[in-house]
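Asks: build me a model from this:
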Amino acid sequence: MEMMNQLPNPKQDEAQKGAWLSIGAYFVLSLVKLWIGSVSHSQAVFADGLNNVSDILLSIAILIGLKVSSQPADHNHPYGHWKAETIATLVAAILMVLVAIEVWIQAIQALIQPKPTQISPVALYVSLGSAVVMFIVSSVNMRLSRKTNSIALQAAAHDNRSDAYVSIGAAVGIVGSYGGFGWLDPVAAFLVGILIVKTGWEVGAPAIHMLMDGFDQEKLQGIEEKVLQISGITQVKEIRARNHGVYVYVDMTITVDPYLSVIESHLLTEEIENGLKGYLNIVSVHVHVEPSLQADKLLP
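Replies: Next comes the predicted model:
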């Protein structure tokens, strides 16, 4: 069986830089927040630290996925390993939900059995500083995701931005506790858990959609319209497309005049392939040709 050659992606190294940037930022921030959250008695900051631990898992998963996806095709994976990035993203999203559950448990316990503690102002400074750092990291990763066309890195950028809002939420809870509303801190921690789940869903849902070979219908219609512009094609009888990492594979059935020769029909399929490759990141087009039903009625 002939294997497909691994498609080149010269920007893969740049995408990995974004993953390393996230890992470094989250590693430092998680250590600081878990420590400050413990010594300053802030449930919100501690929950934010756990959130960053889950973000480390997400970034590591993305990094592993990027590295594995760049491996060449082999006999067991004739289409290559591009879906490794998607699988890693889904695994990380599941881990994020598990972390959120732990955050909720701790927040509920703090509400049921409140402890009269004074949150240190350092916790507030850490939360605000963390928000600034994550906004910067999000901006860098978003630019890299657009440059490298990495879906996983784009998801990481959204996660970075979400973490900045989480830190702002933690800061709000801390300020509220200073005003005598101690319950605001564990409530803020609970809301942090909700944001973690929301981010996990936003990261995991597209991965599930891609792994199940889902494809945007508007894009599919655009492909069909582009094919119908080619002279000699009477109908696009069936068309399917699927994502394979950053690339798109298309299968279609077209109808043509039944009096065309085999060579003429073949030239039409080549015209379709050459016209579609590069459009919407399409790299492979498989075309099946059938005789037009209208013209078929004219046959004796």
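Asks: domain ranges for this structure, per the record?
Replies: Partitioning the chain according to the TED database yields domains covering residues 10-212, 217-297.
Asks: most tightly packed of those domains?
Replies: Greatest average neighbour count among the domains of the chain goes to domain 10-212 (a mean of 20), per mean count of other Cβ atoms under 10 Å. C-betas here are computed from N, CA, C, even on glycine.
Asks: that one: how far from the chain's middle?
Replies: Taking Cα atoms, centre = their mean, to the nearest Å, the mean C-alpha location of domain 10-212 is offset from the chain mean by 13 Å.
Asks: re the thing from before, mean pLDDT added to the domains of the chain, as CSV?
Replies: CSV is the format used below for these (pLDDT from 0 to 100):
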stretch, mean pLDDT
domain 10-212, 81
domain 217-297, 88
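Asks: surely Gln221 is within a strand?
Replies: No - according to DSSP: H, G, I helix; E, B strand; the rest coil, Gln221 belongs to no strand; its state is helix.
Asks: distance check, it against Arg240.
Replies: The gap separating Gln221 from Arg240 is 13 Å, by Cβ to Cβ, to the nearest Å.
Asks: all the helices of the protein, residue numbers only.
Replies: Shown for the chain, the helices assigned by DSSP state H span residues 12-39, 43-69, 84-112, 121-148, 151-178, 184-211, 217-228, 262-276, 293-296.
Asks: surely Pro258 and Pro291 touch.
Replies: Yes - counting by Cβ atoms under 8 Å, Pro258 touches Pro291, with 3.4 Å between them.
Asks: so what's Pro8 scoring on pLDDT?
Replies: The confidence metric pLDDT takes the value 49 at Pro8.
Asks: mind starting the numbering at 36 from now?
Replies: New numbering, starting at 36: the last item is Pro43.
Asks: look up the closest residue to Val281, ignoring the ones flanking it.
Replies: Among residues not flanking Val281 along the chain, Asn184 sits closest, at 5.0 Å (Cβ to Cβ, 6 or more residues apart in numbering).
Asks: tell me the contacts of Leu64?
Replies: Leu64 sits next to Gly84, Asn87, Ser165, Val168, Met169 when contact means Cβ atoms under 8 Å, 6 or more residues apart in numbering.
Asks: next, format the residues you listed as TSV and append distance to Ser65.
Replies: As requested, the contacts of Leu64 are exported to TSV (distance: Cβ to Cβ, whole Å):
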residue	distance to Ser65
Gly84	5
Asn87	4
Ser165	10
Val168	12
Met169	12
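Asks: any idea which of the residues you listed is closest to Gln144?
Replies: Gly84 (16.8 Å; Cβ to Cβ).
Asks: what about the nearest residue in space to the closest one that is not next to it in sequence, distance to Asp109?
Replies: Excluding the flanking residues, the one nearest Gly84 by Cβ to Cβ, 6+ apart is Lys68, at 3.2 Å. Distance of Lys68 to Asp109, given as Cβ to Cβ: 42 Å.
Asks: and Asn278, by the same measure?
Replies: Distance from Asn278 to Asp109, counting by Cβ to Cβ: 21 Å.
Asks: before we move on, what about Ser65?
Replies: 37 Å.
Asks: isn't Ser77 right up against Val210?
Replies: No - with contact defined as Cβ under 8 Å, Ser77 does not reach Val210; the gap is 11.2 Å.
Asks: the longest strand along the chain pairs with which strands, and in what direction?
Replies: Counting residues, the longest strand in the chain under DSSP state E turns out to be strand 268-279. Strand 268-279 has its sheet partners listed here by DSSP bridges as strand 282-291 (antiparallel).
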